[in-house]
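**Student:** Dropping a prediction and its sequence here:
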Amino acid sequence: MQFDFWSILVQWPLLLRGAAWTIGLTATATLLGAGLAVAGAWARTQGPRPLGWLVGAYVEVIRNTPFIVQLFFIFFGLPQLGIRLSPGIAAVTAMTINLGAYAAEILRAGIEATPRGQIEAAESLALSRAQIFLHVVLPPALKTVWPAFVSQIVIVMLGSAVCGQISTEELSYATNLIQSRNFRAFEAYIVGTLGYLSLAILLRHLLNWAGPRFLFGR
């Protein structure tokens, strides 16, 4: 058997476009999902009890159903309710909702580990509940769970591979398109695998470098 990786690499513009889509989807979902996670963690730890129950139900539903089912529900199911989303928007929406649920639980664990003395000290300074949460509780909690948070972002990035099933032009879509043209499936998926591996390693190193410097200090 002869391998022909050149027939795959010559399609580098398509692969590069797919990688760019994967990076864009991940970056957007990370920003939106992190905001959703913070709101969810607050609701479950300090928010009104009914809101905490509602968020808890959302977390359980998302964590106990496959990502591809969530994606298909958004892209194929919502149009029956008159809500039609483009493949890219549907992919970002599904990734955001998925990351938000998992990251909310991760962040909740960090919040609950915050020493009670820190909160009482902040209350003695007459800080509002919002100020205490944003400036006293959230930064150390985020620092505590940052490795798990980063891992979850990487998992969501890798999970974006199924978004090609709804014609989102990310890396797996590009890989499938190339192998359908030249029938070099082995070589195509080896290149695709190396692409995802590289993106995952780069993303993990970037987040581990950026977090301590820009989010919660050294």
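**Tutor:** Here it is on my side, so go on.
**Student:** quick one, phi psi at Y173?
**Tutor:** phi -60, psi -40 (degrees, to the nearest 10).
**Student:** What distance do you get for the spatially closest residue to it that is not a sequence neighbour to T175?
**Tutor:** In this structure, Y173 finds its nearest non-sequential neighbour in G164, 3.4 Å apart by C-beta to C-beta, 6 or more residues apart in numbering. Yep, even glycine has a C-beta here, placed from its N, CA and C like the rest. From G164 over to T175 the distance is 8 Å, taken as C-beta to C-beta, to the nearest Å.
**Student:** now the residue nearest to Y173: how far from I178?
**Tutor:** Per C-beta to C-beta, G164 is found 12 Å from I178.
**Student:** Between those two, which is the more surrounded one?
**Tutor:** I178 (25 against 22; other C-beta atoms under 10 Å).
**Student:** surely that one meets P13?
**Tutor:** No. Between I178 and P13 there is no contact under C-beta atoms under 8 Å: 10.9 Å.
**Student:** I'd say V136 and R129 touch.
**Tutor:** No. At 10.4 Å, V136 does not count as touching R129 under the criterion of C-beta under 8 Å.
**Student:** Of the two, which one has the most company?
**Tutor:** Per other C-beta under 10 Å, whichever of V136 and R129 has more neighbours is V136, with 18 against 13.
**Student:** ok, now which ones touch that one?
**Tutor:** Each residue near V136 by C-beta atoms under 8 Å, 6 or more residues apart in numbering is listed here: T114, Q118, I119, A121, A122, L127.
**Student:** how near is it to L125?
**Tutor:** 9 Å.
**Student:** Ok, F149 next?
**Tutor:** 28 Å.
**Student:** For these two, indicate the residue with more neighbours.
**Tutor:** Each of F149 and L125 has its neighbours counted (other C-beta under 10 Å); F149 has more, 23 against 9.
**Student:** Give me the three-state assignment for that one.
**Tutor:** On the three-state scheme (DSSP: H, G, I helix; E, B strand; the rest coil), F149 is labelled helix.
**Student:** surely it meets L107?
**Tutor:** Yes. Under the criterion of C-beta under 8 Å, F149 makes contact with L107 at 7.2 Å.
**Student:** Kindly export stretch 94-102 (C-alpha atoms) in CSV.
**Tutor:** Only the C-alpha atoms of stretch 94-102 are listed here, as CSV (Å, rounded to 0.1, in the frame of the first residue of the first chain):
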residue,chain,number,x,y,z
ALA,A,94,-24.8,24.5,20.9
MET,A,95,-21.1,24.8,22.0
THR,A,96,-22.0,27.8,24.3
ILE,A,97,-24.8,26.0,26.0
ASN,A,98,-22.8,22.9,26.4
LEU,A,99,-19.7,24.7,27.8
GLY,A,100,-21.9,26.9,30.0
ALA,A,101,-23.4,23.8,31.8
TYR,A,102,-20.2,22.0,32.4
